[in-house]
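K.L.:
the sequence and its predicted three-dimensional model are supplied below.
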Amino acid sequence: MRDLLPREAEHMRFIESEAREIARLYGYQEVITPLIEHYELLAAKIGEENRKRMYVFEDLGGRRVALRPEFTASVARLVSTRMMTEPKPIRLFSTGSLYRYDEPQFGRYREFWQANYELIGSSRPEVDAEILSLSNDLLKKTLLEEYYFKVGHVGVLRGILSEEGVSETEQNRVMQMLDKKMWEEALRILKKLASERCLETLRRLFKISGGEWSNIIKEMRTSVEGYEKASSAVENLETILNLTSEAKMNLNVIVEAGFARGLEYYTGMIFEVYVPGMDIALGGGGRYDRLIELFGGEPTPAAGVALGIDRIMLAVRRQHPNWKPPRRGIRVLVLPVNEEVRGKALEVSSRLRERGITVEAEVMGRTVSRALSDASKRGISHVIIVGPKELKEGKVALRDMESKEQKTVTIDEAADILENYAV
Ligand code: AMP
């Protein structure tokens, strides 16, 4: 876990505010779920790898609880217990910190932030396309460039395995291995559980990736011929990707037939976002049609995405080392020339803040010249100098730190001028 210094915190909150703006534009309402939940709920479908990494403890009431490692379980619980009668679709947004005992390394923290979107109540491909679209829109807003979507469909591999009679527990084990790209180990387990034809099909699928997505879909279709569920999964993936093309989303998509994700609740299209040169995902999501039912709700199809704010921040900083938040506005310092006008200077500060202007008060007791040189070092754009002579006429001196121009104006005039700068 780490501290975020002002620049990092500002960047983090900037991405978070863009994420909130995307939620508004797409009609997602925010929900705030607790940081701590029952262990069983959070662990149910998180997958073996993430389950081992949860922060689990007993509270004073003797309950086994954990820090949330993701949002989806909590949102699915919320929907299944309190929102079942809401008209569908339900679009929900959450943001906040998550906890996993990951090995600390580049882009892997034990406390991290996500922007999370869930679209609940429809199994139609428009839903999957919307999730891809809003992820793309958010990444664009953060100034990220050259990112791509790695896309797959859980229904292809699970479809084949269930038609082969492989139990769900064994399927989960295999999917965990595929998530870690342990193809050979996965095939070794399946040797005892599935037919030679199945192994052959999987071997072929594991090699299908990259290139023009429409060609990859064709290859997948021929590879899974005869497996009914897997074939309809391929059709579904094609429909979703066609929709993204028709909508001119211009997604950079790489389809990977053997792609699996660590979370166990996925049932359909899955995806992760990457940038070249960073082998960790910036976000991930997909369709999970059975989770709400598992938590006691009615069978309710859903899809969602979690975008990792920390990793987006890292990737943006790699691409734009001098990143600064846009719309920074101005920074104003109010500076009394002597002790007698200290109180007046505070009053002037308040009046400017009432007009929505960011104002810092001088609190170091510095002389005017020292305060001015310190202000220019700290990136202050304007200084209001409060002196007894000007005050008698209800005026102050407004100094533009860049042009070094200074003029005497009333407080209201100063506010009018500064308001024009402060976007
Ligand atoms: P997941 O819930 O595993 O699908 O993760 C979704 C996104 O959360 C990932 O793509 C990352 O951007 C982010 N994330 C997951 N684990 C971590 C971590 N340990 N440190 C930073 N970001 C993470």
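P.N.:
Received it, and whenever you're ready, just let me know what you need. Numbering: from 1, shown residues only.
K.L.:
I'd say Val409 and Leu398 touch.
P.N.:
Yes - proximity of Val409 to Leu398 meets the contact threshold set by C-beta atoms under 8 Å, at 5.4 Å. C-beta here means a position set from N, CA and C on the backbone, and glycine is covered the same way.
K.L.:
of those two, who's got more company?
P.N.:
For the pair Val409 and Leu398, the greater number of neighbours falls to Leu398 (21 against 16), based on other C-beta atoms under 10 Å.
K.L.:
wait, is Ser245 part of a helix?
P.N.:
Yes - assessed with DSSP: H, G, I helix; E, B strand; the rest coil, Ser245 lies in a helix.
K.L.:
near the ligand, which residues of the stretch 51-200 of the chain show up?
P.N.:
Applying C-beta under 6 Å from any ligand atom, we find that the stretch 51-200 of the chain lies next to the ligand at 70, 100, 102, 107-109, 112, 114.
K.L.:
could you redo the last one with a cut-off of 5 Å?
P.N.:
70, 102, 108-109, 112 (C-beta under 5 Å from any ligand atom).
K.L.:
just want the residue of the chain that's nearest the ligand.
P.N.:
Gly308 (1.9 Å; C-beta to the nearest ligand atom).
K.L.:
run through the bridge partners of that residue.
P.N.:
Gln114 (DSSP bridges).
K.L.:
show me where the stretch 251-400 of the chain has its strands.
P.N.:
253-255, 269-275, 278-287, 302-308, 332-336, 359-361, 382-386, 395-400 (DSSP state E, counting those that start in this stretch).
K.L.:
can you convert those strands into JSON lines and add a column each for mean pLDDT?
P.N.:
Below are these laid out as JSON lines (pLDDT from 0 to 100):
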{"stretch": "strand 253-255", "mean pLDDT": "97"}
{"stretch": "strand 269-275", "mean pLDDT": "98"}
{"stretch": "strand 278-287", "mean pLDDT": "96"}
{"stretch": "strand 302-308", "mean pLDDT": "98"}
{"stretch": "strand 332-336", "mean pLDDT": "97"}
{"stretch": "strand 359-361", "mean pLDDT": "95"}
{"stretch": "strand 382-386", "mean pLDDT": "98"}
{"stretch": "strand 395-400", "mean pLDDT": "97"}
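K.L.:
now these in JSON lines, with distance to Arg91?
P.N.:
JSON lines is the format used below for the strands of the stretch 251-400 of the chain (distance: least, C-beta to C-beta, whole Å):
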{"stretch": "strand 253-255", "distance to Arg91": "23"}
{"stretch": "strand 269-275", "distance to Arg91": "18"}
{"stretch": "strand 278-287", "distance to Arg91": "14"}
{"stretch": "strand 302-308", "distance to Arg91": "10"}
{"stretch": "strand 332-336", "distance to Arg91": "40"}
{"stretch": "strand 359-361", "distance to Arg91": "39"}
{"stretch": "strand 382-386", "distance to Arg91": "42"}
{"stretch": "strand 395-400", "distance to Arg91": "46"}
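K.L.:
residues bridging contact with Val409 and Leu398, i.e. touching both?
P.N.:
Ile417 (C-beta atoms under 8 Å, 6 or more residues apart in numbering).
K.L.:
Arg317 touches Lys324, doesn't it?
P.N.:
No - in this structure Arg317 lies outside contact range of Lys324 using C-beta under 8 Å: 11.1 Å.
K.L.:
who has more neighbours, the two?
P.N.:
Arg317 (14 against 10).
K.L.:
which ChimeraX command selects the buried ones in the residues of the stretch 51-200 of the chain next to the ligand?
P.N.:
Entered in ChimeraX, the line below selects the buried ones among those, by 16 or more other C-beta atoms under 10 Å:
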select :70,109,112
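K.L.:
and of the residues of the stretch 51-200 of the chain next to the ligand, the nearest to Arg366?
P.N.:
Tyr109 (39.4 Å; C-beta to C-beta).
K.L.:
contacts only, for the closest one.
P.N.:
1-2, 102, 310.
K.L.:
picking up where we left off before, is the residue of the chain closest to the ligand in contact with Leu282, as I believe?
P.N.:
Yes - shown here, Gly308 and Leu282 form a contact pair, counting by C-beta under 8 Å, at 5.7 Å.
K.L.:
rewinding a little: please identify which two of the contacts of Tyr109 are farthest apart in space.
P.N.:
Farthest pair in those, by C-beta to C-beta: Arg2 and Asp102, 12.6 Å.
K.L.:
returning to that earlier point: most neighbours among the contacts of Tyr109, which one is it?
P.N.:
Asp310 (22 neighbours).
K.L.:
report the secondary structure state of the closest residue to that residue other than its chain neighbours.
P.N.:
In space, Asp310 comes closest to Phe112 once its chain neighbours are excluded; the distance is 4.7 Å by C-beta to C-beta, 6 or more residues apart in numbering. Secondary structure state of Phe112, per three-state DSSP, is strand.
K.L.:
can you pull the buried residues of stretch 278-291?
P.N.:
For stretch 278-291, the neighbour count (16+ other C-beta under 10 Å) marks 281-291 as buried.
K.L.:
most widely separated two among these?
P.N.:
So, those by C-beta to C-beta: farthest apart are Leu282 and Arg290, at 26.6 Å.
K.L.:
now the helices for the stretch 101-250 of the chain?
P.N.:
125-141, 154-163, 168-179, 183-191, 196-207, 213-223, 228-246 (DSSP state H, counting those that start in this stretch).
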